[in-house]
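Trainee: Have a look at this prediction, sequence included:
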Amino acid sequence: MRQRMYGITCCCLAPSLLASCTTSEQRIAALHREAVVWDCHNDLSYRVLYEKLDIGQRLPAGHVDIPRLEEGGVDVQTVALFVPNFLYPHPGRCARQTRELLTAMRDAIEQHSDKVELARTGADVERIVAAGKIAMPLAIEGGHAIENSLENLREFHRLGVSSMTLTHNVSHDWADSGADEPRWGGLNELGREVVREMNRLGMVIDISHVSDETFFDVIETSEDPVIASHSGCRALNPHSRNMSDEMLRALAENGGVIGIVFVLSYLSPQYLEAMSALQAVGRPWFRQVPPIEDLDLRIAVEHLNAGRDWPLENLPTIEDVLDHIDHAVGIAGVDHVGLGADMYPRTPSPVGMRGAQDYPNITRGLKERGYSDEDVRKIMGGNLMRVWKQVTDPVP
């Protein structure tokens, strides 16, 4: 296992307490090193393609790059290839966008092959981490990327994509999104065919962003465990992107995993309310701005402008993240909870989780809440490893 360095703080004063505190921190540090730490969702690909930034350098602002991943002891970073929803009505553009992001990430990984490696399977992840490198699986975000073509799906899989989120925020030709008007009442027959083909290929099915009806159709159709790569708990914040307790129970019965998200508006209903109020102020003005006709320019501008609607006061904290973990564990069980931060470079993050460098704070927080070492290892990445190996590793 790669030896990892990160900061440890201790505020105890008396010598005996200081020694006790230091010993505790050393145990937490050792546990963090031993665990396979896996973040199941990040948008690093947009920084690579549109900002042309070198992921081997500590990037200005942002949350994830190789130095931050190393500092935080992150072993596995799944990188999303996000296809903007406004590309959906433009034939050929969704698949093209996916290919461009895929090529950019493969090139970036190859440029730093001494530290990171593309991981296609669970066996790849184990081998790469054992070699002291960071494993980077690639995941399509938004099933409209395949443009209704199973051959496109197969092509992306051949090129290294091991997972796909079935929708983003648009209901497309074969699946309904949780953020759009329903078209099919869940999956239609093509959608079920996509699910079956992903099972056959050994691709991990991701149900973050889908409608509740789509989720239950996927659970009924898939022969393999599925994941919600970046979602929270609806019982704590009734955001449509979060999962209900009924869904969490069904996910557990399926053998799947929810990756608890760090997105502020998914964590806290108070922050969501403040964000909605801020968006309401700007919405009438932004509607008057003429749309950008050049689609490539529009993608880049929207990426660079992504942080405009995020209040900077009363930010949720790492304790809110831990609350969502606690709730998911209480409903689904500790074998079905992981991490899927969805940290975006131009949006704020929870207090105590500034970026990938702060992942040891999650391990510390779990121990402070009474989780056993075994359960911490499961949440930090062991559960996702189980699903990846079950779904992606070829059957002998």
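Mentor: Sure, I can see it.
Trainee: Spell out, range by range, the strands that occur in the stretch 51-200 of the chain.
Mentor: Taking DSSP state E, counting those that start in this stretch as the criterion, the stretch 51-200 of the chain carries its strands at 76-77, 79-82, 116-118, 134-136, 138-141, 161-165.
Trainee: so can I have a markdown table of those strands showing mean pLDDT?
Mentor: A markdown table is the format used below for these (pLDDT from 0 to 100):
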| stretch | mean pLDDT |
| --- | --- |
| strand 76-77 | 98 |
| strand 79-82 | 98 |
| strand 116-118 | 98 |
| strand 134-136 | 98 |
| strand 138-141 | 98 |
| strand 161-165 | 98 |
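Trainee: Dump those strands into a markdown table; add distance to residue 358 and mean neighbour count as well.
Mentor: Placement of C-beta: from N, CA and C, glycine included. Output for the strands of the stretch 51-200 of the chain, formatted as a markdown table (distance: least, Cβ to Cβ, whole Å; neighbours: other Cβ atoms under 10 Å):
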| stretch | distance to residue 358 | mean neighbour count |
| --- | --- | --- |
| strand 76-77 | 14 | 25 |
| strand 79-82 | 19 | 26 |
| strand 116-118 | 20 | 21 |
| strand 134-136 | 16 | 25 |
| strand 138-141 | 22 | 26 |
| strand 161-165 | 24 | 26 |
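Trainee: Dump the ones you listed into a markdown table; add distance to residue 342 as well.
Mentor: What follows is the strands of the stretch 51-200 of the chain, written out as a markdown table (distance: least, Cβ to Cβ, whole Å):
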| stretch | distance to residue 342 |
| --- | --- |
| strand 76-77 | 12 |
| strand 79-82 | 8 |
| strand 116-118 | 20 |
| strand 134-136 | 16 |
| strand 138-141 | 10 |
| strand 161-165 | 11 |
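Trainee: Any idea which of the ones you listed gets closest to residue 155?
Mentor: Judged by Cβ to Cβ, the one of these that comes nearest to residue 155 is strand 161-165, at 9.0 Å.
Trainee: Summarise which helices and strands that closest one is packed against.
Mentor: Contacts defined by 3 or more Cβ pairs under 8 Å, 6 or more residues apart in numbering; DSSP states H and E place strand 161-165 against strand 138-141, strand 204-206, strand 227-231.
Trainee: Return the residues in contact with the residue most central in space within the chain.
Mentor: Central residue of the chain (Cα atoms, centre = their mean): residue 41, 1.8 Å from the mean position. Neighbour list for residue 41: 78, 80, 139, 141, 208, 229, 230, 259, 261, 340, 341, 342 [criterion: Cβ atoms under 8 Å, 6 or more residues apart in numbering].
Trainee: make it 7 Å
Mentor: If a contact means Cβ atoms under 7 Å, 6 or more residues apart in numbering, then residue 41 has 78, 80, 229, 230, 259, 340, 341, 342 as its contacts.
Trainee: Also residue 265?
Mentor: 239, 271, 272, 275.
Trainee: Just the ones in helices from the residues you listed, please.
Mentor: Among these, the members found in helices (DSSP state H) are 271, 272, 275.
Trainee: Need the buried ones from the residues you listed selected in PyMOL.
Mentor: The buried subset of these, as determined by 16 or more other Cβ atoms under 10 Å, is captured in PyMOL by this line:
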select buried, resi 271+272+275
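Trainee: can you redo the ones in helices among the contacts of residue 265 as CSV with distance to residue 366?
Mentor: Listed next are the ones in helices among the contacts of residue 265 as CSV, based on distance: Cβ to Cβ, whole Å:
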residue, distance to residue 366
271, 23
272, 25
275, 27
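Trainee: With respect to residue 391, which of the helices and strands packed on strand 161-165 lies nearest?
Mentor: Using Cβ to Cβ, those put strand 204-206 closest to residue 391, at 5.0 Å.
Trainee: relative orientation of the following helix or strand past the closest one and strand 227-231 in degrees?
Mentor: Using DSSP states H and E, the helix or strand that follows strand 204-206 in sequence is helix 212-221. Calculated by axes from the mean of the first three to the mean of the last three Cα atoms, to 10 degrees, helix 212-221 forms an angle of 150 degrees with strand 227-231.
Trainee: How far away from the center of its chain is helix 212-221?
Mentor: 20 Å (Cα atoms, centre = their mean, to the nearest Å).
Trainee: Please apply the same query to stretch 177-194.
Mentor: Using Cα atoms, centre = their mean, the mean C-alpha position of stretch 177-194 is found 22 Å from that of the whole chain.
Trainee: and residue 174, what does it touch?
Mentor: Contacts here follow Cβ under 7 Å, 6+ apart; on that basis residue 174 touches 148, 187, 188, 190, 191, 194.
Trainee: quick revisit: closest to residue 314 out of the contacts of residue 265?
Mentor: Nearest to residue 314 out of the contacts of residue 265 is residue 271 (Cβ to Cβ; 6.6 Å).
Trainee: Please verify my assumption that the closest one contacts residue 316.
Mentor: Yes. At 5.5 Å, residue 271 counts as touching residue 316 under the criterion of Cβ atoms under 7 Å.
Trainee: which residues do the two both contact?
Mentor: residue 264.
Trainee: Quick check: which of the strands of the stretch 51-200 of the chain is nearest to residue 377?
Mentor: Closest of those to residue 377 is strand 76-77, at 13.3 Å (criterion: Cβ to Cβ).
Trainee: any idea how far the residue nearest to residue 92 when sequence neighbours are not counted is from residue 291?
Mentor: Nearest residue to residue 92, sequence neighbours excluded (Cβ to Cβ, 6 or more residues apart in numbering): residue 147, at 7.3 Å. According to Cβ to Cβ, to the nearest Å, residue 147 and residue 291 sit 22 Å apart.
Trainee: What of residue 245?
Mentor: Residue 245 is 40 Å from residue 291, by Cβ to Cβ.
Trainee: more crowded one of these two?
Mentor: residue 245 (15 against 6; other Cβ atoms under 10 Å).
Trainee: what residues are up against that one?
Mentor: Listed by Cβ under 7 Å, 6+ apart, the contact partners of residue 245 are 235, 331.
Trainee: Let me see the backbone angles for it.
Mentor: Here is the backbone geometry of residue 245 (degrees, to the nearest 10): phi -60, psi -40.
Trainee: Pull up the gap between it and residue 251, please.
Mentor: Residue 245 sits 10 Å away from residue 251, going by Cβ to Cβ.
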